[in-house]
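Visitor: After the sequence you'll find the predicted model.
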Amino acid sequence: MTMAKLQILRYPDPRLHTVAKPVPRVDARIQQLVADMLESMYAADGVGLAATQVDVHERVIVIDTSDARDDPRVLINPEIVARSEEMTFADEGCLSVPLIYDKVARHASVTVRSLDRHGATQEFTAEGLLSICVQHEMDHLLGKVFVEYLSQLKRDRIKTKMLKKSREEERG
Ligand code: NI
């Protein structure tokens, strides 16, 4: 399978607010998407990527929170089946909002059930960075970007910064 780097949508692109549909079948098309998403995530040095961010509106997520960058997780049609009452509050970033980091409240642990890249059911309990990452990426599938948890003032500043950055890049 050849892999291709996909273009990652940048906030405030309205396509980031699309709600993803469930994957009907884990077939060659989805396996190609997964391969391309992993390639794109590693190339951008990210810990997670949702299909929404590459303008594919189906419930597919790739994550690798390992230090060695050798432990890819693929979550297709993920559902959170249990969440801790305990919350955690840590800095988050996003490949769709480059160079912006801010604190978001998340469940300290979540149990997530999904299909893997072969279409088999998998379930695991995530803690720490992995838990945060699962919740962040699942928000993307609902059309939500982490900056939407921040104040209107911060969000406006981020929008302005992102639009300016895009204009500068266009000028080259
Ligand atoms: Ni993100």
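Guide: Happy to help now that I have it. Numbering: from 1, shown residues only.
Visitor: Now do the helices in this structure.
Guide: When secondary structure is read from DSSP state H, the chain shows helices at 28-43, 128-141, 152-171.
Visitor: Same list (the ones you listed) but as JSON lines, adding mean pLDDT, distance to residue 82 and mean neighbour count.
Guide: For every residue, glycine as well, the C-beta is placed using N, CA and C. Output for the helices of the chain, formatted as JSON lines (pLDDT from 0 to 100; distance: least, CB to CB, whole Å; neighbours: other CB atoms under 10 Å):
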{"stretch": "helix 28-43", "mean pLDDT": "97", "distance to residue 82": "25", "mean neighbour count": "18"}
{"stretch": "helix 128-141", "mean pLDDT": "98", "distance to residue 82": "11", "mean neighbour count": "22"}
{"stretch": "helix 152-171", "mean pLDDT": "93", "distance to residue 82": "30", "mean neighbour count": "12"}
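Visitor: Can you say which of these is nearest to residue 98?
Guide: Relative to residue 98, the nearest member of those by CB to CB is helix 152-171, separated by 7.4 Å.
Visitor: list the contacts for residue 70?
Guide: For residue 70, the set of contacting residues under the criterion of CB atoms under 8 Å, 6 or more residues apart in numbering consists of residue 64.
Visitor: Can you report phi and psi for it?
Guide: phi -130, psi 20 (degrees, to the nearest 10).
Visitor: Also residue 24?
Guide: For residue 24, the backbone dihedrals are phi -70, psi -30 (criterion: degrees, to the nearest 10).
Visitor: From residue 121, how far out is it?
Guide: Noted for residue 24: a distance of 16 Å to residue 121, by CB to CB, to the nearest Å.
Visitor: isn't residue 57 right up against residue 17?
Guide: No. Under the criterion of CB atoms under 8 Å, residue 57 is not in contact with residue 17, lying 10.4 Å apart.
Visitor: before we move on, the earlier item: could you redo the helices of the chain as JSON lines and give each row distance to residue 69?
Guide: Listed next are the helices of the chain as JSON lines, based on distance: least, CB to CB, whole Å:
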{"stretch": "helix 28-43", "distance to residue 69": "6"}
{"stretch": "helix 128-141", "distance to residue 69": "13"}
{"stretch": "helix 152-171", "distance to residue 69": "26"}
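Visitor: Residue 94 is nearest to which of those?
Guide: Proximity of the helices of the chain to residue 94 was assessed by CB to CB; the nearest stretch is helix 128-141, lying at 7.2 Å.
Visitor: any weak-confidence spans in this structure?
Guide: For the chain, no stretch has pLDDT under 70.
Visitor: 80 - rerun?
Guide: For the chain, residues meeting the criterion pLDDT under 80 lie at 1, 172.
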